[in-house]
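> Below: sequence and its predicted model.
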Amino acid sequence: MRAVRNYLVFLIRSINQAFIGDWRYYLWIGFLAIWCLLGLNAYAKQYVHGLAITGMSDQVSWGVYIANFTFLVGVAAAAVMLVIPVYIYKNEELHDLVIFGELLAVAAIIMCLMFVGVDLGRPDRFWHALPGLGEFNFPGSVMSWDVIVLNGYLLLNIHICGYLLYSRYSNRKPAKWFYIPFVFIGIFWAISIHTVTAFLYVGLGGRPFWNSAIVGPRFIASAFTAGPAIIILALQVIRRVTDYHVPDRALLTLRSIVQVSMLINVFLLVNEVFKEFYTGNLHVASAKYLFLGLHGHSGLVPWIWTAIACNLVAMTILVLPVSKSLRWLDLACVLAIVGIWIEKGMGLIIPGFIPTPLGEIIEYTPTVNETLISFGIWAFGLLCYTLFLRMSVPILQGKICKANENGSDESESDQELRGVVMH
Amino acid sequence: MQKRKRKQPWTTNRNTRIMPIEPPKRYRDLPSPTAAHDSGISRRSFLRASAGLAASVAGIAAALTPLRDLDEFPSVEEFLQKHYKELGKEEMDEVLDRISGEVERQYGIRPHLRDLKPMNGVEFVYALNLTRCIGCRKCVHACVAENNQSRSPEIQYIRVLKMPNGTLDVERSQHDYAPATVPEKGFYYMPVQCHQCKNPPCVKVCPVKATWQEADGITVIDYNWCIGCRYCEAACPYWARRFNFAKPSIPKEKINPNMSYLGNRPRPKGVVEKCHFCIQRTRAGKYPACLEVCPTGSRKFGNILDPDSEVSYILKNKRVFVLKEEVGTSPRFFYYFDI
Ligand code: SF4
Ligand code: SF4
């Protein structure tokens, strides 16, 4: 009982914390909230009129929703890139930062689930996909695997972050057996979410552009580039807007991760391009459409070359010592994120559909409504991440802890709620 | 000090608490939770919170206004309806009755809606004579009429490819040729529709088992179970599946009242559909509509388990091939040449 009470007080205080900030904080939250509402409005329209108000068609039946989903699975998976150095190589610099990484994973998975949700034609029937309630096609369908691994990963990360933060709050040493096993499960799990998502596409024999063994490894390599790059940027923001101390060394450790992953990523890209174009068999059509344009259709060509340029510049900056300076590192990270977003999203999902299995070429451009929904989801994810950080930073700093529960710092609502909880 | 701290990370915060770090100057105004809250600030933050809450509620309500145009919402029975294979006889009758009522309300005609089951000892296959097909697309339109497909946007199950002589590569095909000029010299025509694969990737990938293969070889879809993820559409190597991006619209007078649950009953928005070998006809002993309308007799349909059937004869004696054999789907749809 007492434990429950303590936990509730912890939750209430953290949530309370999320609503406290200066005007900049409110401005940012307000800005995100407006985008969320615009997205919600766009989704309400889509719900009424159907997916017809997206740019998708029977020819290109998946679009930016699934593209963003794919990218974000990678971001979520990359949280482990912070976990590995801490728990395997005992790099304590990154210890607290692991929590920031895992919170990012939580926000990313929330976005992933939302992107899949808005892509469904019949969201009202989502319960058909619930194991036990509906008809779950397991293990036959890779998508059912994906449902399991994504939700499992969400729970794992919520558990690890929640437990570590609560221990810190109660000023107790976390019991190793209660989180270390999950940390190690999490490492494999992170690889699995990405591999399974790659298999979603790889498993389709009728789509030669996806049906290639290299897609899985490329997914992992690009995820481990874009994910830590996002974490680097997030940490810099944390460092600027809060008084939380993020050591430079931590950023540089992440830099070496991004560096190596980017090299592998570009290497795998070269492999793929070689295989597609040198053999020059019939299945090259999609790759040709992507890189060079096909029969006068070249909608994706500017995109992919932008991506390649971003990746190459980012790679160059990363391997040069200049990226030890944070400004250059930031630039490289932004470029890497943009490059990989295009490559994984527009560059992987869309050309898989062009030409269709019957050789028809129909291009795809997202509509305004579709774009608003996507922005809305991104805004919601960023909002979640902001609130998570707002709650966890003071706890990590020890500013909010069990010891000051009854102190003068308590707000009225806290006390009221405590009264409710105790009765 | 530094070193010790790093070795016992969980004790560092204790130190932090005893010696709170002074926030950088420009953020001093940020109300940190350790700063004493007098009741004034609390009241202010309470007001601020309520104002924020009110604004968000108003914002969400405003954002949701497009929902006012929602004309159909699934009824409770429809929402809770079980998977096709789990419906008992009586439950199925109720479902058929409910759907008939819906059709009647919408199109002003009481349909003859049945749930036809596969016949024993029957496995359907289709054979299409490429020597004869002239690419007139009569089958395409007969199919639309028979199967209550949406007219706007128009959904068609059959796609006729105009192929240059000398290749089987569909990437060299033309999809939007002008029918008045058919058949054109130097080309042959290849209609493609669902191949009712023996090893159907569409069935394998569906996360909710909304599509499956029946005993007579027809791959069907439960339109009341499909969640509209379109994974099957991506998986099909023959581009046979169509998605209802918008609510299908069919003029009242065009409705075909002879319906089957797994076949041509009107589909809701947001689910996939495809050719089902005219299940409402073929399971009642008739030929598919595309076969009946074909002016050249290019289309042959029948039971492959019957050694005396026309399709058995064709498969034994003609030069038969299947499209994209290399993807390993084993279609029940065969193409052949006469000569
Ligand atoms: S042709 Fe396509 S839709 Fe038809 S059974 Fe084969 S994979 Fe499924
Ligand atoms: S669209 Fe429907 S039938 Fe196709 S895979 Fe998704 S749920 Fe299954």
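Cool, the structure landed. Ligands and ions are numbered 1, 2, ... in the order given.
> Give me the mean pLDDT for the longest helix along chain B.
When chain B is parsed with DSSP state H, its longest helix is helix B:39-63. Per-residue pLDDT over helix B:39-63 has a mean of 77.
> And stretch A:368-378, by the same measure?
97.
> gap between that stretch and the chain center?
Using CA atoms, centre = their mean, to the nearest Å, the mean C-alpha position of stretch A:368-378 is found 16 Å from that of the whole chain.
> again with stretch A:303-312
21 Å.
> could you dump it to PDB, C-alpha only?
Below are the C-alpha coordinates for stretch A:303-312, written out as PDB (Å, rounded to 0.1, in the frame of the first residue of the first chain):
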ATOM      1  CA  TRP A 303      15.400  13.400 -53.300                       C
ATOM      2  CA  ILE A 304      17.900  10.500 -53.500                       C
ATOM      3  CA  TRP A 305      20.700  12.700 -54.700                       C
ATOM      4  CA  THR A 306      20.100  15.100 -51.900                       C
ATOM      5  CA  ALA A 307      20.200  12.200 -49.600                       C
ATOM      6  CA  ILE A 308      23.500  10.900 -51.000                       C
ATOM      7  CA  ALA A 309      25.000  14.300 -50.900                       C
ATOM      8  CA  CYS A 310      24.000  14.800 -47.300                       C
ATOM      9  CA  ASN A 311      25.400  11.400 -46.400                       C
ATOM     10  CA  LEU A 312      28.600  11.900 -48.100                       C
END
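> Flag every buried residue along it.
Buried residues in stretch A:303-312, defined by neighbour count with 16 or more other CB atoms under 10 Å in any protein chain shown: A:Trp303, A:Ile304, A:Thr306, A:Ala307, A:Ile308, A:Cys310, A:Asn311. To be clear about C-beta, it is placed using only N, CA and C from the backbone, and glycine gets the same treatment.
> would a markdown table of those with secondary structure, pLDDT and distance to A:Ile354 be doable?
What follows is these, written out as a markdown table (DSSP: H, G, I helix; E, B strand; the rest coil; pLDDT from 0 to 100; distance: CB to CB, whole Å):
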| residue | secondary structure | pLDDT | distance to A:Ile354 |
| --- | --- | --- | --- |
| A:Trp303 | helix | 93 | 13 |
| A:Ile304 | helix | 93 | 12 |
| A:Thr306 | helix | 95 | 18 |
| A:Ala307 | helix | 94 | 17 |
| A:Ile308 | helix | 93 | 19 |
| A:Cys310 | helix | 95 | 22 |
| A:Asn311 | helix | 92 | 22 |
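> Any idea how far stretch A:314-332 is from the middle of the chain?
23 Å.
> Touching it from outside, list them.
A:229, A:232-233, A:236, A:248, A:251-252, A:255, A:258-259, A:262-263, A:266, A:313, A:333, A:335-336, A:339 (CB atoms under 8 Å, 6 or more residues apart in numbering or on different chains).
> so what strands line up beside the host helix or strand of B:Ala127?
Assigned by DSSP states H and E, B:Ala127 belongs to strand B:124-129. Strand partners for strand B:124-129, identified by DSSP bridges, are recorded as strand B:299-303 (antiparallel), strand B:333-337 (parallel).
> Any idea how far stretch A:302-312 is from the middle of the chain?
21 Å.
> Mind listing residues that contact it?
A:262, A:265-266, A:269, A:290-291, A:335-336, A:338-340, A:342-343, A:346-347.
> Kindly recompute the last result at 7 Å.
With contacts defined as CB atoms under 7 Å, 6 or more residues apart in numbering or on different chains, stretch A:302-312 is touched by A:Val266, A:Leu290, A:Phe291, A:Leu335, A:Ala336, A:Val338, A:Gly339, A:Ile342, A:Glu343, A:Met346, A:Gly347.
> residues touching the first one, list them.
Read it as A:Val266. Residues in contact with A:Val266 (CB under 7 Å, 6+ apart) are A:Asn311, A:Met315.
> same question, the fifth one
Residues in contact with A:Ala336 (CB under 7 Å, 6+ apart) are A:Thr225, A:Ala226, A:Ala229, A:Val258, A:Met262, A:Asn311, A:Ala314.
> and with 6 Å instead?
Taking CB atoms under 6 Å, 6 or more residues apart in numbering or on different chains as the criterion, A:Ala336 is in contact with A:Thr225, A:Ala229, A:Ala314.
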